[in-house]
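Trainee: quick one: sequence and predicted model below, then my questions.
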Amino acid sequence: MERFDIYVPRALPTKEYFAPGHRACIGCGEALAVRLVCKALGRNVIIANATGCMEIVSSPLPTTSWRVPWIHTLFENTAAVASGVESGLKVLMRKGKIAQRKIKVVAMAGDGGTSDIGLQALSGALERGHNFVFCCFDNEAYMNTGIQRSSATPYGAMTTTSPPGKVSIGQTTFKKDMPKIAAAHNIPYVATASPSYPFDLTEKVKRAIETEGPCYLHILSVCPTGWRSATNLSIQLGRLAVETGVFPLYEVVRGQYKLSFDPPQLRPVIEYLKPQGRFRHLSENDIKKIQEKVTKDYLDLKEKARG
């Protein structure tokens, strides 16, 4: 008994609110991320979900994988619907139509529905100060509609609309920094997370739902289909993204940056790029360019965290 008193391992809730039996691809990092987020959210929640992979795989008529109130929205208006739900709940409670209690309102979207098509609605909801959590599940392209590039697609990556060739290396721009854009709205909580670090992810979800005001979570979601990676490497790739500095884990709490994981030395980005077929065409110079950008951005982030 003394041993257990000294060390009690953390455990995730056993209740599943994103039920098994959905049609996600084998090795889908996004399905795992959604499952973990829902575990942390619990039962007392209303979710607005943009068009995308999770909406398609989880709700084939007449079945559903959602065991909580769930609304399918259009690509571009997830944040608008979530802010409308949040406002509606306030009115109903004020008028005594429903009991006063904390009902969590959560918006979910992919990188396209967040950083591209849904950016206007998201920015407006953050600026207005709605009390909700926005979760971006970032698989770095429009995977559901055929692996087209998005503004979250990393430099050099091959997609169906950014194919490599004689005059192109694939994606020619660097990834849009959505967490920084969200933080620029001066909201109380912003964080990056990955299902490869499940306890870090669920703790950040809990912090977000306990924080009054708009919160933004940016969650890396490995996509074996779009990334051309082996289905058994999704967890490893998520860890490599963090350990190389490609996708650092951090929080921005009321403007203050804090690193969640800071390795003594970053691993070379080639270790992250090599297992992915979408980068197989890159030259040594291309990889060097990516490495330089990752190193610079990571040093900048550490400087912010030192404050």
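Mentor: Perfect, thanks for sending it. Numbers count the residues shown, from 1 in each chain.

Trainee: quick one: low-confidence parts of the stretch 1-150 of the chain?
Mentor: Scanning the stretch 1-150 of the chain with the threshold set as pLDDT under 70 gives 1-10.

Trainee: mind listing the strands for it?
Mentor: 45-49, 70-72, 104-110, 133-138 (DSSP state E, counting those that start in this stretch).

Trainee: what does the first one contact?
Mentor: Which is strand 45-49. 17, 41, 55, 66, 68-73, 78, 81-82, 85, 89, 103-109 (C-beta atoms under 8 Å, 6 or more residues apart in numbering). C-beta: built from backbone N, CA, C; applies to glycine.

Trainee: how far does stretch 265-278 stretch from start to finish?
Mentor: 26 Å (C-alpha to C-alpha, to the nearest Å).

Trainee: sorry, back to before: and the contacts of strand 45-49, which of them are buried?
Mentor: Among the contacts of strand 45-49, the ones that count as buried by 16 or more other C-beta atoms under 10 Å are 17, 41, 55, 66, 68, 70, 72-73, 78, 81-82, 85, 89, 104-109.

Trainee: can you pull out the helices in this protein?
Mentor: For the chain, helices defined by DSSP state H occupy the ranges 2-6, 29-41, 53-58, 78-94, 111, 119-128, 178-183, 198-210, 224-227, 234-243, 270-273, 284-306.

Trainee: please identify the most buried of these.
Mentor: Across the helices of the chain, the average number of neighbours (mean count of other C-beta atoms under 10 Å) peaks for helix 111, which reaches a mean of 27.

Trainee: for it, name the packing helices and strands.
Mentor: strand 133-138 (3 or more C-beta pairs under 8 Å, 6 or more residues apart in numbering; DSSP states H and E).

Trainee: and the strand it packs on, which strands flank it?
Mentor: Its sheet considered, strand 133-138 pairs with strand 104-110 (parallel), strand 215-220 (parallel) by DSSP bridges.

Trainee: show me the one of those that comes nearest residue 33.
Mentor: For those, the distance to residue 33 is smallest for strand 215-220, at 5.0 Å, taking C-beta to C-beta.

Trainee: just the CA coordinates for that closest one, please, in CSV.
Mentor: Extracted C-alpha coordinates of strand 215-220, given in CSV (Å, rounded to 0.1, in the frame of the first residue of the first chain):
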residue,chain,number,x,y,z
CYS,A,215,-9.9,29.4,-25.8
TYR,A,216,-8.0,27.9,-28.8
LEU,A,217,-6.4,24.5,-29.0
HIS,A,218,-4.2,23.5,-32.0
ILE,A,219,-3.8,19.7,-32.2
LEU,A,220,-1.4,18.0,-34.6
